[in-house]
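In: give me coordinates for this.
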Amino acid sequence: MTTATIARPQRTALPLTASLAVNPERLQRMWSMRPADRDAAARRGEFSLGEMLKWAAREPSTVKLVHGEFWFLAENLADHEA
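Out: This next block holds a predicted model:
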C-alpha cells in the first residue's frame, strides 16, 4: 500500500474584521473610547468582528445601522447597496 501526498492550497489568514477573535487589550481600548472614536477606529479596521459584536451587544445604540443592520455587518452583505 502506498501513501499519496495530497497537495493542499496554502490558507490565507482572515482579515481582522472577519475574525471572531477577541483580544482583551483591544477590547479594553475600545471601551475607553468615546463612541465617535470607537466608530472611527472600527472603520479603520482596528477591531475584529468579534470585538465589534461585543460592542454591539454592550452598546447597541452607539453602532450605526445600514438598512436595519449594524454597519459592520451590512457592508459585507451581498445585497448591500453602496
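In: contacts, neighbours, all on C-alpha from now
Out: Will do.
In: how about Ala41, phi and psi?
Out: Per-residue torsions, Ala41: phi -60, psi -40 (degrees, to the nearest 10).
In: an error on my part: the question was meant for Glu69.
Out: phi -120, psi 150.
In: CA atoms of the lowest-mean-pLDDT helix or strand in the chain as PDB?
Out: The weakest-scoring helix or strand in the chain, judged by mean pLDDT, DSSP states H and E, is helix 71-74 (a mean of 92). C-alpha atoms of helix 71-74 as PDB (Å, rounded to 0.1, in the frame of the first residue of the first chain):
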ATOM      1  CA  TRP A  71     -22.900  48.800   9.700                       C
ATOM      2  CA  PHE A  72     -20.000  46.400  10.100                       C
ATOM      3  CA  LEU A  73     -22.300  43.500   9.100                       C
ATOM      4  CA  ALA A  74     -24.200  45.400   6.400                       C
END
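In: buried sites along that helix?
Out: Across helix 71-74, burial judged by 16 or more other Cα atoms under 10 Å covers Phe72, Leu73, Ala74.
In: can you redo these as TSV with distance to Arg11?
Out: Formatted as TSV, the buried residues of helix 71-74 follow (distance: Cα to Cα, whole Å):
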residue	distance to Arg11
Phe72	24
Leu73	24
Ala74	26
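In: residues contacting the least confident helix or strand of the chain, please?
Out: Leu49, Met52, Val63, Lys64, Leu65, Val66, His67, His80 (Cα atoms under 8 Å, 6 or more residues apart in numbering).
In: need the contact list for the residue most central in space within the chain.
Out: Residue closest to the average C-alpha location in the chain (Cα atoms, centre = their mean): Leu49, at 1.9 Å. By Cα under 8 Å, 6+ apart, the contact list for Leu49 reads Leu16, Thr17, Ala18, Ser19, Leu20, Ala21, Phe72.
In: same check, this time on Val22
Out: Counted by Cα under 8 Å, 6+ apart, Val22 has contacts Ser48, Gly50, Glu51.
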